[in-house]
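> here is a sequence together with a model predicted from it:
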Amino acid sequence: MAETVTHGDAELVAAAAAGSDHAFRQLYRAYVRPVFWLAHGLLGSRTDAEDVAQETFLAAWRKLPELDLVGDSLLPWLATICRFQCANRIRRQQRDRAHLTPAADETLPAVVDVESQVIDAALVERILQEVGTLGLLDQKIFRLCAADGYAYQAAADRLGVSHGVVRNRLSRIRTHLRNTIEPEGT
């Protein structure tokens, strides 16, 4: 039988805020990949994205007792923290570059296009908001397949549904997102 999620994010957040390492580890495992990929998209560096993902969860751990979770998913809140962590890292890197000698500066990668990062972050936020309006099964399918990288069958096994259900629903979700969310500037 497929493993099903027994706790919603709200229950896990409450347990983690009360000090449960196990609950926080579950949240971490559920969301570290999407947080990493958001950071990677904003920073363009695997190493920086790994660091920012860790910083995001450290900040989340500290702020959990104050969190009043709205909705079923912790991901929008984590995405906001991640964007702030990315912005801080970019500012720190720009400040560091300003203090380097020209010879040392040549070894650094080119400055990341901040405007593109803001547009990408806004698009991710709109996608997350739109996914939040979907039914619970569709949200789980999207998270498992699109965010966590599960194959259709693995997602189907985890959710206790058929491969066809996952494939068809994910196709409809993607079509829905393409039709309702347009990148800014188009």
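The structure has been received and is ready for your questions. The model shown is predicted, which means the values in this text are computed figures rather than measured ones. Residues are numbered from 1 along each chain as shown.

> would you mark the buried spots in the helix or strand encompassing Gln85?
Under the criterion of DSSP states H and E, Gln85 resides in helix 75-98. Taking 16 or more other CB atoms under 10 Å as the basis for neighbour counts, the residues of helix 75-98 that come out buried are 75-79, 81-83, 85-86, 89-90, 93. Glycine gets a C-beta too; all of them are placed from N, C-alpha and C.

> quick check, nearest of those residues to Ala151?
Of all these, the one with the least separation from Ala151 (CB to CB) is Leu75, at 20.7 Å.

> ok, the closest one - contacts?
The contact partners of Leu75, taken as CB atoms under 8 Å, 6 or more residues apart in numbering, are 31, 34, 128, 143, 147.

> count the residues that sit near the third one.
The criterion is other CB atoms under 10 Å. On that basis, Leu128 has 20 neighbouring residues.

> pLDDT score for it?
Looking at Leu128, its pLDDT reads 79.

> what's the distance between it and Ala155?
Taken as CB to CB, to the nearest Å, the spacing of Leu128 relative to Ala155 amounts to 18 Å.
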